Every structure is written in C-alpha cells, then in structure tokens.
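Visitor: Got a predicted structure here, sequence first:
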Amino acid sequence: QKTKEGFFSKLAKAVAGKDKVDEEVLDQVEDALISADVGVDTTVAIINRIEQRVARDKYLGTSQLNDILQEEIMSMLTSAPSNEFATFDVPAGKKPYVILVVGVNGVGKTTTIGKLAHNFKKNGKSVLLGAADTFRAAAVDQLTIWSDRVGVPIVKKEMGSDPSSVAFDAVQSAIARDSDVVIIDTAGRLHNKAYLMDELGKIRRVISKKMPDAPHEVLLVLDGSTGQNAIEQARHFTAATDVTAIAVTKLDGTAKGGVVLAIANQFRIPVKYIGVGERMEDLQIFDKAEFVDSLFSLK
Amino acid sequence: MFENLSERLESAFKQLKGEGRINEINIATTVKEIRRALVDADVNYKIAKEFTDKVKDKAIGEKVITSVSPGQLMVKIVKDELAELMGGKEHEIDLSGKPTVILIAGLQGSGKTTFSGKLANFLNSKKNKKPLLVAADIYRPAAMEQLRVLAEQIKVPVHIELENRDAVAIAQNAIALAKQNGNNVVIIDTAGRLAIDEAMMTEVANIKAAVNPSEILFVVDSMTGQDAVNTAKAFNDRLDFTGVVLTKLDGDTRGGAALTIKYTVDKPIKFVSMGEKMEALDIFYPERMAQRILGMGDITTLVERA
Ligand SMILES: Nc1nc2c(ncn2[C@@H]2O[C@H](COP(=O)(O)OP(=O)(O)OP(=O)(O)O)[C@@H](O)[C@H]2O)c(=O)[nH]1
Ligand SMILES: Nc1nc2c(ncn2[C@@H]2O[C@H](COP(=O)(O)OP(=O)(O)OP(=O)(O)O)[C@@H](O)[C@H]2O)c(=O)[nH]1
Ligand SMILES: [Mg+2]
Ligand SMILES: [Mg+2]
C-alpha cells in the first residue's frame, strides 16, 4: 500500500491544479507502464483508450484516473472460466486432473510444481508428481526433494528416459492410486527449437492415449523479469501444446511482469498463479486488481 | 514485433530524401522509430532515450549526399554508436591468481550453475588450467547435485559439503583444498538471489570478502526486461563485479538488457552462453550484439535496397 502511493502521489503532483489529463500526466502513465515491461504496443493502446475516455467523460481527478486505468488494464486480462480460480481446487469430473507444466529454461517450473502440490494438498487434494524432465542435470533429484518436502508421491525414471513414457506412467499411476491431481514437470526448452517443441507435442499425445481428455491444463510458466520475449514464448508454446493457463514467477523481485498484459490480451490465456518466493507457501492465485496496482508500485 | 521495423524506418527515411542536411525536424520520426525499436528489444526506456538523443546530436548537420542515402547514414551512425557502447577494450579474464578465484553471482535461474560448468570446461580444455568447481548454493533443492553431475560430465573436480549450512565456510574450505591439490582456478557457484534480498546479498558480499576473488561474474538472462537496470546496479553496488555473462542467447530474444547493463554499470560482457551443452560458450562480440538488438537483419536489407 505504501509503495503504491508513491506513484499516485507523484501523479497527484503532476495533475495538481489541472482540470484534465494532459500530456504530462499521460507521459507519466506511459513511463510507468513501459518500465513495468508492458511493451510499447500495449502501452500505446492503453494510453489511447484513456485519452478517448477522458475526452468523453471529462477528467475529474487522480482517483478517477486511477479507476479508469484499472478498468482499462483489467479489461485486457482474460477472465478465467468462472468458479475455477478462487482457490487451489480442480474441476469436478476430471480425475485425475492432469496438469502439464511447460516453459523456457530456468523460469521456475519445478519450483511452481512443488508449490502447487503443497497448496493442492493443503486444500485436501491427493497429488502425484511426474518427473518428465529427464534431461537437465539433477532435475529429477530436485523434484524428488520437492515431493519429500510436500509429502506427495512421485513417478520417475532414470535420467535420459523418454519424457513421454514418464508422463504416461505418472497418469497411469495417478489413476491406479485414485489421485485427484497429477502434475507433470518438463525440461526447460527455448521456444525457437523446433525439435524440443515437437517433443512437448508428443508428451501431450501420449498422455491423451492414457486419458483422452487429458492434459486438462497446460500451464505455461513465465519468468516475471522477462521482457518482450515472453510474447514469443507464449506464441510458440501455445502453438505446440495449447496452453490453457499462465503462471508468472519471481514477482517478489523488482520486476513487474507487465508483459503478461500483452499476452493475456493477444492470446486470451488467463493468468492463474503468481510466484512470490522460493518457499512452498510462495504461490498465490492471480488477482487482477492487485496485479494492476503493482504495475504502478515503486518497489 | 519487428517485422515492420524496416518498413517503419524506411518510411521515416523517405522523409529525409531530397533534404540537404539532417536537421532536428526531418530526423524526428527516424529517431522515434529507433527509440521504439530499442524499447521493443527490452533496452531500458530511459537509456533508449539518452542513446537516441546522442545519436540525433551526432547526425544533425550531417550532409545528406546522393552517394549515401540518409537511411544508410543513420543506420551507420546508430550501429557504430551502439557497437562502441557495447564494446570498448577487449577484456580477457584475469587468471593470474594463485589460485585464481572466480565468483559467480546473479538472479535465480539465470544460468549460473550451467555457466560455472562451462567455464570450468573452457579453462580446462582450452586454457590448460586445473579448475576446481565449488558448490556454494546451500538453498536450491539439488543445486549441489546439479553441479556434481556437470563436473562429472566435463571431468573436473568439484567440492561439495552437503551438510554445511555456511556458504562462506564452504568457499573458504574449497580454496584451502585447491591449494592442497594444485588446482589453479577455483570457480564458486552461488545460489540465485534477488537484489532486494538483504540477507542473501549480505551472504554473497561475505563470500567475496572471505575469498578475495579476482573475477566476479554477474550472470544475467538475455531475455530480461526493463528491470535489468535495477538488478545490475544493485549487484554492482554490492559486489563491484568484474564482468557480465549473458545467457540463453540461443533463443530469439533481441537482448536489449545487454545494452542496459553495459550502459548502467559499464562493466565488460566477458562471455555469452548459448545452449545447455557444456561446450555452448563463446566470447562476446559487440558488433553482433548491436546488430541483434537493432534487428539488423531488417536494417541490412534496408541498406542494400537504399
Ligand atoms: N525469488 C523467486 N525465485 C523463484 C521463484 N520461482 C522459482 N524461483 C527460483 O528460480 C530458480 C529456477 O527455478 P526452477 O523451478 O528450477 O526452474 P525451472 O523452470 O524448473 O528450470 P529448468 O527446469 O532448468 O528449466 C530456482 O532457484 C528457484 O528457487 C519465485 O517465485 N521467486
Ligand atoms: N538454452 C539455454 N539454456 C541455458 C543456458 N544456460 C543455462 N540454461 C538452462 O537454464 C536453466 C537454469 O540454469 P541454471 O544453471 O540451473 O541456473 P542458475 O542460475 O544456476 O539457477 P539457480 O541456481 O536456481 O539460481 C537450466 O535449464 C539450464 O540448462 C543457455 O545458454 N541456453
Ligand atoms: Mg525444472
Ligand atoms: Mg544454480
């Protein structure tokens, strides 16, 4: 709250004694959005919409500008299907609920899986993890430590095994154990590497052989400090795996993750979770209004 | 995002055609487009502005002569400025210490552990050194195991103390061990940390104080956005690092963070990391990076057509 006031008090100063939103005020809004990684195109679109509304509605004061900004930016964030996102829950009738986690290298996939498992478990769900990153050094060990920490079972094979077969086994084992949720980790891969993206397609297909409507969720993990390249990540991962939701990590740092605005708007993918630390408690359900506020915070 | 940069610049340049000299007015659109391209490439927006203002000052008054199109002229000025800014003197890595201690630091997931392995491999196979890798990340699950696996792959020794909860002590022990075993380079991999995490920044500053490294390399993901300026500044304030490593350049990011960091802390970029394999390491080429940030594929075509 304190940090948020920084921007708006600055804004208040800029608009003091003015009866309309002028160039200077809009420049400040623009700077705040650009420095939050919102990107030039999206920022220009937001500014244009504000200018139009201000002309139409007449500007009243900073708190109104705040409201208009909130509204306009929030309208860019896709809404999640109703009833689904309020808690760490999974829809009924899909058991086990299969979540495939994808993303480029080092964004926080494995950690997010650990946190998700913790939160689902806390919410009374039985969880199983699938260690389908058989490539990166000690990736299986890392997920194993998370499974111990949270206290959930893990399905794994040797390093170098076919990730599809691990995913298949994980779903099979979750069915056998009557688990509520199975979360499958995959190796980090850059989206411009076609052969690695094809491998994800294969993992998807193999999972659906075991369970035709699975994976029910493909969670794309984005690093909150990534700039405009995140748009390309969303584009390619969506093309390869039909991404259904996004998790934005590392928002406990000074980066704002504003690029997800462009992504949610352009690809109509809802942001579902945010990562705010390295502990298992550090995962939150995405809150639109809070996110928009944080874009303007001076951390 | 960049498909139409050349188009945009081309139409901006058209306005220059037929003018005698570049002036404040006829260059305005071009400068704006270049600034926009830089911000799109994740260059910090304030730095992009300062940079294009400087370019503009250089260009104003230049004669637009028929043999060189105004477009070519501008492109040349921009690219040269950028390459100069990114480059400066060549900085070799300092290997004179006995042993040479190299401290690796950066944000979470930036590629420190992978780079530590690559650097050890490079020094071992190309520079005839005997490196020792040190696992001083006591936090991340399986961080030590990760370094152990990489060390095994490249056949370089690694110092690990699984039960020790003191990263400073691990680093100190490793140096004693290196002296004993005749390792002339010690590479210390540390945990990822946020620049605003006071306790963690103190830890890495304490490691520095305890081992007196001759190189401190700040490892940064080339996909980083506007925040690169804060992070680089904070790490540099705390550690006064000696060089930068840019990772994941095998992706398709423009890598504007490289310009941001160079501009902010003026430390040389010593290595680039471009893949997950232990061999995927290269030295830094300022010219290439300048082209990449500008989306030079576009501009080169444009110049050819101009
Ligand atoms: N500060 C902070 N660090 C995080 C967060 N999420 C993950 N991390 C850290 O980021 C680093 C990388 O996380 P991983 O979970 O290994 O990332 P990954 O995407 O699985 O990486 P690869 O499998 O190598 O592609 C680790 O040091 C994590 O502790 C977060 O929300 N905040
Ligand atoms: N494609 C590609 N991947 C890389 C590169 N460098 C590192 N990686 C990958 O990025 C991920 C993170 O690398 P790490 O070396 O674990 O990063 P780190 O900085 O040690 O991470 P923490 O210790 O958790 O802070 C891993 O999946 C690496 O394989 C690179 O240059 N290109
Ligand atoms: Mg992982
Ligand atoms: Mg590491």
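Guide: All right, it came through fine. Ligands and ions are numbered 1, 2, ... in the order given.
Visitor: show me the contacts for the residue of the stretch 1-150 of chain B found nearest ligand 3.
Guide: Here the stretch 1-150 of chain B gets closest to ligand 3 at one residue, residue B:109, 9.0 Å apart by Cβ to the ion. In short, each C-beta sits where N, CA and C put it, glycine included. Counting by Cβ atoms under 8 Å, 6 or more residues apart in numbering or on different chains, residue B:109 touches A:105, A:106, A:107, A:108, A:223, A:250, B:192, B:221.
Visitor: show me what contacts residue 269?
Guide: Since you didn't name a chain, this refers to chain A. For residue A:269, the set of contacting residues under the criterion of Cβ under 8 Å, 6+ apart consists of A:78, A:220, A:234, A:238, A:243, A:244, A:245, A:246, A:263.
Visitor: The intended chain is chain B.
Guide: By Cβ under 8 Å, 6+ apart, the contact list for residue B:269 reads B:86, B:243, B:244, B:245, B:246, B:258, B:261, B:262, B:284, B:289.
Visitor: coming back round to it: show me which of the contacts of residue A:269 is closest to ligand 1.
Guide: Within those, the smallest distance to ligand 1 is 11.0 Å, found for residue A:220 (Cβ to the nearest ligand atom).
Visitor: Does that closest one belong to a helix, a strand or coil?
Guide: Here residue A:220 takes the strand state, with states given by DSSP: H, G, I helix; E, B strand; the rest coil.
Visitor: State the number of residues packed around it.
Guide: 28 (other Cβ atoms under 10 Å in any protein chain shown).
Visitor: coming back round to it: now for the contacts of residue B:109: which two are most distant?
Guide: With distances taken as Cβ to Cβ, the most widely separated pair in the contacts of residue B:109 is A:105 and A:250, at 13.8 Å.
Visitor: Could you check which residue of chain B lies nearest ligand 2?
Guide: Distances from chain B to ligand 2, computed as Cβ to the nearest ligand atom, single out residue B:192 as the nearest residue at 2.2 Å.
Visitor: mind listing what that residue touches?
Guide: When the contact criterion is Cβ under 8 Å, 6+ apart, the partners of residue B:192 are B:106, B:107, B:108, B:109, B:110, B:112, B:137, B:140.
Visitor: for these, which one is nearest residue B:206?
Guide: Taking Cβ to Cβ as the measure, residue B:206 lies nearest residue B:137 of the contacts of residue B:192, at 14.6 Å.
Visitor: Any idea how many residues pack against the closest one?
Guide: For residue B:137, the number of neighbouring residues by other Cβ under 10 Å comes to 23.
Visitor: Distance of it relative to residue B:293?
Guide: For residue B:137, the distance to residue B:293 under the criterion Cβ to Cβ, to the nearest Å works out to 31 Å.
Visitor: Work out for me the element residue A:170 sits within.
Guide: Secondary-structure element containing residue A:170, defined by DSSP states H and E: helix A:163-177.
Visitor: is ligand 3 contacted by that helix?
Guide: No - Helix A:163-177 does not reach ligand 3 (Cβ under 5 Å from the ion); its nearest approach is 11.9 Å.
Visitor: got the contact list for that helix?
Guide: Surrounding helix A:163-177, the residues in contact under the criterion Cβ under 8 Å, 6+ apart are A:96, A:98, A:100, A:126, A:128-135, A:153, A:155-157, A:179, A:181-182, A:184, A:186-187, A:199, A:202-203, A:205-207, A:209-211, A:214.
Visitor: Flag every residue of chain B that's near ligand 2.
Guide: For chain B, the residues found near ligand 2 under the criterion Cβ under 6 Å from any ligand atom are B:106, B:108-114, B:137, B:140, B:143, B:191-192, B:247-248, B:250, B:273-276, B:280.
Visitor: List the ones among these that fall in helices.
Guide: With helices identified by DSSP state H, the entries of these that belong to them are B:112, B:113, B:114, B:143.
Visitor: farthest-separated two in the residues you listed?
Guide: B:114 and B:143 (11.6 Å).
Visitor: number of nearby residues for the residue in the stretch 51-200 of chain A that ligand 4 sits nearest to?
Guide: When distances are taken as Cβ to the ion, the stretch 51-200 of chain A approaches ligand 4 most closely through residue A:106, which lies 8.9 Å from it. Here the count is done by other Cβ under 10 Å, and residue A:106 has 24 residues near it.
Visitor: quick one: secondary structure of it?
Guide: Here residue A:106 takes the coil state, with states given by three-state DSSP.
Visitor: Can you tell me which of the contacts of residue B:109 is nearest residue B:198?
Guide: residue B:192 (15.5 Å).
Visitor: and the gap between that closest one and ligand 1?
Guide: According to Cβ to the nearest ligand atom, to the nearest Å, residue B:192 stands 4 Å off from ligand 1.
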